[in-house]
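**Q** Everything below, folded, please.
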Amino acid sequence: MVEVTPIREMSREAWLKLRKTGIGGSDAAAICGLNPYASAIHIFQDKISDELEIKDNESMRQGRDFEDYVAKRFSEATGYKVRRSHMLYRNKENTFMIADIDRLIVGQDAGLECKTASAYNSDKWKDGQIPPHYLLQCLHYMAVTGKREWYIAVVILGRDFLYQKITWDDEVIQKLIAIEKAFWNQHILTGRMPAPDGSKACDELLNQYFHTAKKKSSISLIGFDEKLERREELLQMKEKLEQEQKQIEQEIKLAMQDNELAFTEKYRVAWSNVETTKLDTKRMKQENPEVYQDFAQTTTSRRFSIKAA
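**A** Residues are numbered from 1 along each chain as shown. Below you'll find the predicted structure:
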């Protein structure tokens, strides 16, 4: 059911190339439109491009470094022994599905996914919740390996340690396989970009990919009038909703007057003092133009606007 490729001695470059040959656990939620950090278009671009995305940041570094600690805490809390597999798994039936898992649980048909979270995101884990993109990641690993159970453990930095067990859900897993299969066949194999999904990640990728406009170039948009009309309707609805939101906030402020905090049975409301310091660039430009010029930075971006013809 599963093919394995040893990755313990593999270079990072070779590992990144191997990842391009299939859909991994962190890709699954993006394809389903449930990853807040990546979109289906982003996954498409990563898989078909020859470029290796060797991006890294402090959050990713901490996630890797804390993996051992999370696994240790899980073992202490459950009494289960865990081990690294040092393998990349590929489902034999659906060869486009791959998995690079954190840990296997010794003596059980189960795996473990290790996570870290900031205190700011602790509410996403309360009352036994699992963030949807992490849940799909674990279900993907189960679909690839055939294992009937998966655990996810998280250290909420400075706050808490939690873990949850995920059991095989045939209906959900079959739907996930179908979505991934359709994505692979309809987009990766054909080279046809998936439709935008409205996510911030998709917006960022489009701005990055098409970052500079060709001056004085233009095209005719065929078949977009209905979409543009719908956009106008949505803008009007948004304006009305924002006005209603502001009205509610103003009513609360009137009730609070000069109090900083207010409480209801369900909510805590704060209207606090905030001090900010801003650089008066207009004055600097007038009084110290040379200093202003030394620190001025020009950036190029694209502004998107729509007007009636």
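**Q** contacting residues for residue 104?
**A** For residue 104, the set of contacting residues under the criterion of Cβ atoms under 8 Å, 6 or more residues apart in numbering consists of 82-85, 110-112. Placement of C-beta: from N, CA and C, glycine included.
**Q** among these, which two are most distant?
**A** Greatest spatial distance among the contacts of residue 104 (Cβ to Cβ): 84 and 110, at 14.6 Å.
**Q** So for those two, which sits in the more crowded spot?
**A** Neighbour tally, residue 84 and residue 110, criterion other Cβ atoms under 10 Å: the higher count belongs to residue 110, 21 against 13.
**Q** And the pLDDT for the more buried one?
**A** At residue 110, the predicted lDDT confidence score is 97.
**Q** bridging residues for the residue lying closest to it once chain neighbours are set aside?
**A** Taking Cβ to Cβ, 6 or more residues apart in numbering, and ignoring the residues beside it in sequence, residue 110 has residue 149 as its nearest neighbour in space, at 4.0 Å. With DSSP bridges as the criterion, the beta-bridge partners of residue 149 are residue 110, residue 167.
**Q** pLDDT value on residue 149, please?
**A** According to the predicted model, the pLDDT of residue 149 comes to 97.
**Q** That one: neighbour count?
**A** Here the count is done by other Cβ under 10 Å, and residue 149 has 16 residues near it.
**Q** got it, and the one 4 residues further on?
**A** For residue 153, the tally of surrounding residues (other Cβ under 10 Å) stands at 25.
**Q** Also residue 119?
**A** 11.
**Q** now swap in residue 109 and tell me
**A** With neighbours defined by other Cβ under 10 Å, the count for residue 109 comes to 14.
**Q** Now do it against residue 218, distance only.
**A** 59 Å (Cβ to Cβ, to the nearest Å).
**Q** can you give me the strands in the stretch 1-150 of the chain?
**A** 2-6, 82-83, 87-91, 98-99, 103-105, 110-117, 149-156 (DSSP state E, counting those that start in this stretch).
**Q** could I get the ones you listed as TSV with distance to residue 271?
**A** TSV is the format used below for the strands of the stretch 1-150 of the chain (distance: least, Cβ to Cβ, whole Å):
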stretch	distance to residue 271
strand 2-6	57
strand 82-83	48
strand 87-91	53
strand 98-99	48
strand 103-105	47
strand 110-117	29
strand 149-156	28
